[in-house]
Structures are given as structure tokens and as C-alpha cells.
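Asks: need a structure here:
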Amino acid sequence: MMVTHEGSGATFEAPDGWQVEDTGRPEVLVVLEPEPADGTVRANLVLTAVDTGGRSFRDWQNGTEALLPQELSDYLVLDLHAGEVDGRPTGSRLAHHVDAEGRALVMEQCFTEVDGLGVTLTATIDALRYPVAAEELSACCASLRVTRGEDR
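Replies: Residues are numbered from 1 along each chain as shown. Purely as a prediction, here's the structure:
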């Protein structure tokens, strides 16, 4: 299913049957998988759209990479790539961290910047289920698109 974040114009594909949740925060959009019967971590897609504070794409992401180990327990970046989509710099990140309950999680991110707005799509799932869901979650992240400011 196609999901649109109204504030940024960002769109991405989410698995059919997942639910868009109201966060009460216009800069954050959350899409959740149906509640797993076995009580495992509920996989999710989280789109954030924040002002980069006038920083370049590179400086914004360097700041993000410095902040993640402070914010996420046992954070370990596994892969980090730079790229380009629709003529804009983009990047992707694959990382591992542990939640407050000690559960191992894998997160995959795709991020870009448009007109001073940093847009990040993060897919998170428990580490044990990641091998089964990796292809689908990677496709969701890779589907992230943001219209240029003048096109919105």
C-alpha cells in the first residue's frame, strides 16, 4: 500500500495489511504490522521529516550518525551507503541495537534532504525475524520518494 506523509510530500510503499498510526506529531508517521501472535516486537516503518537546521546533507547525516549511539543501546552500524535518487543525495543505513527490554533489533533506513527538510524512513524488526522480512523491508525503504518543494 502506498503511504503519504502530508507535511513533507514523502511517499513510500508499506506492506498490505499494516496500519498507519496517529502519533500526534506532524513530523512523524508510523506504520505498524498487525500484532504478532507470538508477542514478538511489532515491526514498523517510521517516517520522520525534520528541519536540518541549514546543515548540508553530509553534515546532517554526520550529526545523525554521531547521535545514534547515544540514543540507541548497543548501537552498531552494519552498513552505510551514499547514493542519489531523483537528483538528490540519499543514503541508507543498516544497524543493530537493543530496546529497553533487551530485545535485539535490526533497523534499516533510507534518508534524503529536500529544501532543508531531512526525511528518513526507518524499518525496524526483531533480529530473529529480520532474515525472513529483510527483502520486503528493504523494498519499503527503497521506495521512499519526496517531491521537490516547488512541486508540492
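
Asks: now the residue nearest the centre of the chain, which residues is it bridged with?
Replies: In the chain, the centroid-proximal residue (Cα atoms, centre = their mean) is Thr122; its distance is 1.6 Å. For Thr122, the beta-bridge partners are Val46, Gln109 (DSSP bridges).

Asks: quick one: residues contacting it.
Replies: When contacts are counted by Cβ atoms under 8 Å, 6 or more residues apart in numbering, Thr122 is found next to Leu45, Val46, Leu47, Thr48, Met107, Glu108, Gln109. For the C-beta atoms, the positions are set from N, CA and C on the backbone; glycine is no exception.

Asks: now it: how far from Met107?
Replies: 6 Å (Cβ to Cβ, to the nearest Å).

Asks: anything in contact with each of the two?
Replies: Joint contacts of Thr122 and Met107 (Cβ under 8 Å, 6+ apart) do not exist.

Asks: which strands and helices sit next to the longest strand along the chain?
Replies: Counting residues, the longest strand in the chain under DSSP state E turns out to be strand 73-85. For strand 73-85, the contact count by 3 or more Cβ pairs under 8 Å, 6 or more residues apart in numbering; DSSP states H and E identifies helix 57-71, strand 88-98 as packing neighbours.
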